[in-house]
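Colleague: Below is the structure, and that's it, no one-letter string:
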Ligand SMILES: [Zn+2]
Ligand SMILES: [Zn+2]
(Lines give C-alpha, C1' and ligand atoms only; values in the text may rest on other atoms or scores of the structure.)
(Ligands and ions follow the chains in the order given, each with its own letter.)
Protein backbone atom coordinates (compact mmCIF):
# COMPACT_ATOMS: atom_id res chain seq x y z
CA UNK A 1 0.00 0.00 0.00
CA UNK A 2 1.94 2.95 -1.31
CA UNK A 3 -0.47 5.43 0.23
CA UNK A 4 0.76 4.82 3.76
CA UNK A 5 4.27 5.81 2.90
CA UNK A 6 3.39 9.25 1.64
CA UNK A 7 1.80 10.66 4.76
CA UNK A 8 3.50 10.99 8.10
CA UNK A 9 4.05 13.05 11.18
CA UNK A 10 7.12 15.20 11.37
CA UNK A 11 8.51 17.27 14.18
CA UNK A 12 9.40 20.81 13.36
CA UNK A 13 11.05 23.63 15.28
CA UNK A 14 8.62 26.43 16.06
CA UNK A 15 10.90 28.66 18.01
CA UNK A 16 14.36 28.53 19.54
CA UNK A 17 14.06 29.23 23.24
CA UNK A 18 17.69 29.06 24.24
CA UNK A 19 20.52 28.42 21.91
CA UNK A 20 23.53 26.30 22.78
CA UNK A 21 22.27 25.10 26.17
CA UNK A 22 22.96 21.42 25.63
CA UNK A 23 24.88 18.93 23.64
CA UNK A 24 23.58 16.65 20.94
CA UNK A 25 23.35 13.01 21.96
CA UNK A 26 24.15 12.08 18.37
CA UNK A 27 27.04 14.22 17.19
CA UNK A 28 28.09 16.05 20.36
CA UNK A 29 27.77 19.55 18.96
CA UNK A 30 25.87 22.34 20.66
CA UNK A 31 22.12 22.01 20.60
CA UNK A 32 19.28 24.42 21.16
CA UNK A 33 16.31 24.25 23.46
CA UNK A 34 13.30 24.66 21.20
CA UNK A 35 9.57 24.72 21.14
CA UNK A 36 8.42 22.26 18.56
CA UNK A 37 5.29 21.30 16.78
CA UNK A 38 4.13 18.15 15.16
CA UNK A 39 3.03 18.36 11.57
CA UNK A 40 0.89 15.81 9.85
CA UNK A 41 1.83 15.63 6.21
CA UNK A 42 -0.11 14.01 3.45
CA UNK A 43 1.41 13.92 0.00
CA UNK A 44 4.05 16.31 1.35
CA UNK A 45 1.42 18.89 2.23
CA UNK A 46 1.03 19.86 5.89
CA UNK A 47 -2.52 18.98 6.88
CA UNK A 48 -2.52 19.58 10.58
CA UNK A 49 -0.18 21.08 13.14
CA UNK A 50 -0.19 20.87 16.87
CA UNK A 51 2.34 22.14 19.36
CA UNK A 52 4.58 19.86 21.39
CA UNK A 53 3.85 19.55 25.08
CA UNK A 54 7.16 20.79 26.39
CA UNK A 55 10.39 22.21 25.04
CA UNK A 56 12.88 19.73 23.66
CA UNK A 57 16.48 19.83 22.59
CA UNK A 58 17.20 20.05 18.91
CA UNK A 59 20.41 19.52 17.01
CA UNK A 60 20.61 21.48 13.81
CA UNK A 61 23.45 19.34 12.50
CA UNK A 62 21.69 15.99 12.55
CA UNK A 63 18.09 17.30 12.71
CA UNK A 64 17.54 15.34 15.88
CA UNK A 65 15.02 16.00 18.62
CA UNK A 66 15.63 14.62 22.08
CA UNK A 67 14.47 15.34 25.65
CA UNK A 68 16.38 17.94 27.57
CA UNK A 69 16.75 15.52 30.51
CA UNK A 70 19.13 13.27 28.59
CA UNK A 71 21.18 16.05 27.08
CA UNK A 72 24.74 16.36 28.37
CA UNK A 73 25.84 19.84 29.40
CA UNK A 74 27.10 22.02 26.55
CA UNK A 75 30.75 21.85 25.58
CA UNK A 76 32.88 24.37 27.42
CA UNK A 77 33.35 27.69 25.63
CA UNK A 78 36.53 28.08 23.68
CA UNK A 79 39.75 28.74 25.55
CA UNK A 80 39.89 32.39 24.54
CA UNK A 81 36.53 33.14 26.16
CA UNK A 82 37.33 31.58 29.51
CA UNK A 83 40.95 32.58 29.77
CA UNK A 84 41.55 34.77 32.75
CA UNK A 85 44.84 35.94 34.11
CA UNK A 86 45.88 33.52 36.81
CA UNK A 87 48.95 32.64 38.75
CA UNK A 88 49.79 29.69 36.56
CA UNK A 89 49.93 31.95 33.52
CA UNK A 90 52.76 34.02 34.93
CA UNK A 91 56.35 32.90 35.10
CA UNK A 92 59.23 34.61 36.74
CA UNK A 93 62.41 34.97 34.86
CA UNK A 94 65.24 33.11 36.58
CA UNK A 95 67.72 35.79 35.70
CA UNK A 96 66.01 39.12 36.19
CA UNK A 97 63.07 37.95 38.40
CA UNK A 98 60.55 39.91 36.41
CA UNK A 99 57.12 38.46 35.71
CA UNK A 100 56.78 37.10 32.23
CA UNK A 101 53.70 35.73 30.52
CA UNK A 102 53.82 31.92 30.38
CA UNK A 103 53.38 32.02 26.62
CA UNK A 104 56.81 33.55 26.15
CA UNK A 105 59.72 31.25 25.53
CA UNK A 106 62.30 33.95 26.13
CA UNK A 107 62.28 36.72 28.69
CA UNK A 108 61.31 39.97 26.93
CA UNK A 109 63.35 41.93 29.46
CA UNK A 110 66.71 40.19 29.47
CA UNK A 111 66.35 37.72 26.57
CA UNK A 112 67.21 34.56 28.51
CA UNK A 113 65.38 31.31 27.80
CA UNK A 114 62.57 30.51 30.22
ZN1 LIG B 1 23.78 16.36 16.34
ZN1 LIG C 1 64.70 38.11 32.44
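Modeller: Cool, got the structure. On a predicted model such as this, the values are computed, not experimentally measured, just so you know. Numbering: from 1, shown residues only. Ligands and ions are numbered 1, 2, ... in the order given.
Colleague: so what's residue 110 closest to, chain neighbours aside?
Modeller: Leaving aside its sequence neighbours, residue 110 sits nearest to residue 96 (Cβ to Cβ, 6 or more residues apart in numbering; 4.4 Å). Using the backbone N, CA and C atoms, a C-beta is placed for each residue, glycine as well.
Colleague: Thought residue 107 was touching that neighbour, still the case?
Modeller: Yes - assessed by Cβ atoms under 8 Å, residue 96 is found in contact with residue 107 at 6.5 Å.
Colleague: Number of residues surrounding the nearest residue to residue 92 once chain neighbours are set aside?
Modeller: Distance criterion Cβ to Cβ, 6+ apart; nearest residue to residue 92, sequence neighbours excluded, is residue 99 at 5.8 Å. Residue 99: 11 surrounding residues under other Cβ atoms under 10 Å.
Colleague: How about residue 17?
Modeller: Residue 17, neighbours per other Cβ under 10 Å, totals 13.
Colleague: Numbering from 52 from now on, please.
Modeller: New numbering, starting at 52: the last item is residue 68.
Colleague: So which bits of the strand or helix carrying residue 116 are buried?
Modeller: Using DSSP states H and E, residue 116 maps to strand 115-117. The neighbour-count check on strand 115-117 (16 or more other Cβ atoms under 10 Å) flags 115, 117 as buried.
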